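Asks: Sequence and predicted structure are below.
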Amino acid sequence: MALHLKSAPSKSFADTAQRDVAERVTAIIDEIRVEGDAAVRRYAEQFDGWSRDSYRLDDEEIDRIIGTLDQQVIDDIEFVQAQVRRFAQAQRDTLVDMEVETLPGVLLGQKHVPVQAAGAYIPGGKYPLTASAHMTIITAKVAGVPRVVACTPPIRGEIPAATVAAMKMAGADEIYILGGIQAVAAMAVGTESIAPVNMIAGPGNPYVAEAKRQLFGEVGIDLFAGPTEILIVADEMADPFFTAVDLLSQAEHGPESPAVLVTTSQQLAEEVMRLIDRILPEMPTKDYAEAAWRDWGQVIVAGDLDEAYRIADGFASEHVQIFTAEPREALTRMHDYGALFLGENTCVSYGDKVIGTNHVLPTLGAARYTGGLWVGKYLRTVTYQEVVDTASSALLGDVCGRAARVELFEGHARSGDARVWRHEGKRFDWIESALDAQAAS
C-alpha cells in the first residue's frame, strides 16, 4: 500500500464553480451583449485601470512597441515560434481529406475545414505570458484560420511589449490590449468594434475560465482549464535536485497549483522534500510557490512502478514527468495525462516555453476525456456524400424505406421510396395517390 509522506485534498471542476464568480461573469456578459463597447470600456477601467481611445493596436503602434525590445528577445521569440510551428504543421499533415466508394457510385468523403475566426486569449495579470501567444495563434494559423483575434491585458498599466511582439510574429490579425471577462465576452458575442469569433482558446484566471464555460455552445472553446498541475513519477535512479526544482517550477504558477511526486524510493522522497524546504525561501516567486506546495503538494511512496503508474493515472495530471530508468515505458503504461515529459533531460518548463508542443492542456482530471490544444481543435471535420449510380440509389432507397418505417418516420421512408420508384419502377400506393391527385387538379 502506498505511503503518503505529504498529502493534500484533491481538486475537481466542482471546486472551481464558485457561485459568486459565476453570477458576476453572467452579469458582465449580459451587459456586454446589450451595451457593447461601452460595457467593455467600463470593465476595462474597473478591473485593469485601463482606458484608451481604441483598445486595438494599429500597425504603427505595434511596430513602435516591438522596436523597444532587445534583439535577443526577438530572436528567442523567433526560435520558439519556429519550434511550435514545426510541430503544429506536422500535426496538420496527419489530417488528410479522404473519399471512399462504399458501393458502386456511392461516394462518401470528409474534409477538415478550419473555423473562420478564432479568438486567442493570452493571460498577463501576473506575468507577460508570451508563450501562450505562440500556442494559441500559431496553431490556429497553421490550421488555416483566416482571422485570429488576440487579446491580452495590460500589466500594471503598461502594454506588455514582448507579448505584443509574440502575438504579431505569430500571425494575429487583430491585437487588443484587453483582458478578463470583458475580452472573452467581446470576442464571443461581438461589439461595435470587435466582430465576433467562432471559437476561443487560451488559459486564464477563474473569471476567464468561467466566461469560457458560460459562452461554450455559442462559441467553441479549446477546453476548460484550471490551475496548472505537475506530477513526477520517479524511481530510485532519479535526481532529487532535478525533481525538487521541477516540482517548484510549476508551483510558481499560482497558489492553487498542485505539485505531486510519486516515487518507488522513500529515500528519494525524503531528500526531495528537504531540498524543496531549502530552495523555496530563496525563490523570487515564493509567494505563489510556497502556498501551492504547502496546500496542494503531495509526496507518495509506491511499492513498485506498477503501483506508481496506477497512482499517477488516477490523478490524470496536466503535466507528467517520468524520471525512471526506462522513461519510454510510460508511453504504454500510462493512459490519463495531458502531456508526458520523458527522462530527466526533459522538463515541463520546456513544454511551457520552448520545445514546440502545445502547453494549453487539460487540468482537474479532464485528461481522462480530452487532450490539449492542437491544430485539430481549430478544424471541423465535415462529411459529404454523393450517389451517382441509379441502381445504388434504388438499393439504398429500398433499405431506407424499411428502416425508417421501423422508427415510424414515414417522411424519411418516402424519400427512399421515391428513388426506388424513379430508378426501378417499383409501385407505391402513396406515390400513385399523390400523382393521381396531381393529375386530377
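Replies: Perfect, I can see it now. Everything quoted here is computed from the prediction, not taken from an experiment.

Asks: For this protein, which segments are assigned as strands?
Replies: Counting by DSSP state E, the chain has these strands, from start to end: 3-6, 98-103, 106-114, 117-121, 147-152, 174-177, 199-201, 220-221, 230-234, 259-263, 298-301, 319-323, 339-342, 379-387.

Asks: Alpha carbons of the last one, as CSV, please.
Replies: In CSV, the C-alpha atoms belonging to strand 379-387 read as follows (Å, rounded to 0.1, in the frame of the first residue of the first chain):
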residue,chain,number,x,y,z
LEU,A,379,-10.7,22.3,-37.6
ARG,A,380,-14.2,21.0,-38.2
THR,A,381,-14.2,17.5,-39.7
VAL,A,382,-17.2,17.6,-42.1
THR,A,383,-18.5,14.9,-44.3
TYR,A,384,-20.2,14.9,-47.8
GLN,A,385,-21.9,12.2,-49.8
GLU,A,386,-22.9,11.7,-53.4
VAL,A,387,-24.7,8.9,-55.2
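
Asks: Now it: buried residues?
Replies: By 16 or more other C-beta atoms under 10 Å, the buried positions in strand 379-387 come out as Leu379, Val387. (Glycine included, C-beta is placed from N, CA and C.)

Asks: just the helices in the stretch 51-200 of the chain please.
Replies: With DSSP state H, counting those that start in this stretch, the ranges of helices along the stretch 51-200 of the chain come out as 59-66, 71-93, 130-133, 139-143, 161-170, 180-189.

Asks: Redo those as TSV? Include mean neighbour count and distance to Ala403.
Replies: What follows is the helices of the stretch 51-200 of the chain, written out as TSV (neighbours: other C-beta atoms under 10 Å; distance: least, C-beta to C-beta, whole Å):
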stretch	mean neighbour count	distance to Ala403
helix 59-66	14	58
helix 71-93	16	38
helix 130-133	27	49
helix 139-143	26	37
helix 161-170	24	49
helix 180-189	28	40
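
Asks: residues in contact with the closest residue to Cys347 other than its chain neighbours?
Replies: Closest residue in space to Cys347, ignoring its immediate chain neighbours: Asp246 at 5.2 Å, by C-beta to C-beta, 6 or more residues apart in numbering. The contact partners of Asp246, taken as C-beta atoms under 8 Å, 6 or more residues apart in numbering, are Ile230, Ile232, Gln321, Cys347, Val348, Ser349.

Asks: do that again at 10 Å, thanks
Replies: Asp246 makes contact with 230, 232, 239, 259, 261, 272, 319, 321, 323, 341, 344, 346-349, according to C-beta atoms under 10 Å, 6 or more residues apart in numbering.

Asks: Now restrict the residues you listed to buried residues only.
Replies: Using 16+ other C-beta under 10 Å, the buried members of those are 230, 232, 259, 261, 272, 319, 321, 323, 341, 344, 346-349.

Asks: Can you pull the phi/psi pair for the closest residue to Ala367 other than its chain neighbours?
Replies: Closest residue in space to Ala367, ignoring its immediate chain neighbours: Ala316 at 4.2 Å, by C-beta to C-beta, 6+ apart. Main-chain dihedrals, Ala316, degrees, to the nearest 10: phi 50, psi 50.
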